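Participant: My questions are about this predicted structure, shown below with the sequence.
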Amino acid sequence: MSEHYFTVFPAVEAEERTHRFSIRGVEHTVVTASGVFSADRLDKGTQVLLDHVPDPPETGSFLDLGCGWGPITLALADAAPGATVLAVDVNERSLALTTRNAETAGLDNVRTSPAEALLTELRESSRTVDLIWSNPPVRIGKEALHTLLLDWLPLLSDDGEAWLVVLKNLGADSLAAWLRDQGWDVSRMASSKGFRVLRVRRRHG
C-alpha cells in the first residue's frame, strides 16, 4: 500500500520542505514532510472542499478529521478565531507539522491530538463538536473508513454538520448512500474536479 501516511510513525525519513499556499484566501507559509499526506501540494480534494464549504460559525468546537500537515485546520482557525479547532490524525508527524504551522500563523485556537486519545476524551466527557471538515482517508478501505465515520460522526452536536470531500471514482455516491442507511441526512453540496462535497447532519423528526 503506497499510502504510507496512515500510520502512527511513518517509516520514511522526514524530509522537510517549506511551501507557500493560499488557503481560503489567506497566504500561509507551511512546513510539510515526507510520510504525511500530500506533502508537496495543497491536495486537490482538500482544495475542492475549501472552495465549497460555507464560512464556519464564529464560535464553537470544530474538528479537522485527518489533519495531515494542517490546511483544513488553518482554514478553520483563520475563519473563526473565536472557535476551538481540534486537529486529529493517527500520524504523529502530521500532528507535529499541524502544530508548527498553526503556531507560525499565529493561530492560538488550535489543539492537536492523536485521534484515538481525543475520541476517548470526547466520549468520556460527553462533549460534542459543532462542525467537522474532512478529506477522509478513503484509501484505507471501505470497512476502515466506515468505522472511522461511525466513531466520529456521532460526536456531532444536535445541529452540527460534517462536510466531507470524496472522489467520485473512489465511491463518493455509495458512501453517501451508506451514510443515509445509517440514519444520517446527507446532501451533495458540490461536484468539482471528480470530487463530491457531502454535507452530513443528524436526521431530525
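Facilitator: Arrived safely. Worth saying up front: this structure is predicted, and the values here are computed from it rather than measured. Residues are numbered from 1 along each chain as shown.

Participant: what's the single longest strand in this protein?
Facilitator: strand 156-167 (DSSP state E).

Participant: Next secondary structure element downstream of that strand?
Facilitator: Using DSSP states H and E, the helix or strand that follows strand 156-167 towards the C-terminus is helix 172-181.

Participant: which outside residues touch the helix or strand that that following helix is followed by?
Facilitator: Next along the chain after helix 172-181, taking DSSP H and E as the criterion, comes strand 184-192. Here strand 184-192 makes contact (C-beta atoms under 8 Å, 6 or more residues apart in numbering) with 48, 51-52, 153, 163, 168, 176, 179-180, 196-204. Using the backbone N, CA and C atoms, a C-beta is placed for each residue, glycine as well.

Participant: Show me which positions of strand 184-192 end up buried.
Facilitator: The neighbour-count check on strand 184-192 (16 or more other C-beta atoms under 10 Å) flags 184, 186, 190 as buried.

Participant: who's the second one bridged to?
Facilitator: When assigned by DSSP bridges, Val186 has beta-bridge partners Val200.

Participant: if we can go back for a sec, got TSV for the buried residues of strand 184-192, with pLDDT and distance to Arg24 too?
Facilitator: Listed next are the buried residues of strand 184-192 as TSV, based on pLDDT from 0 to 100; distance: C-beta to C-beta, whole Å:
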residue	pLDDT	distance to Arg24
Trp184	98	26
Val186	98	24
Ala190	97	15
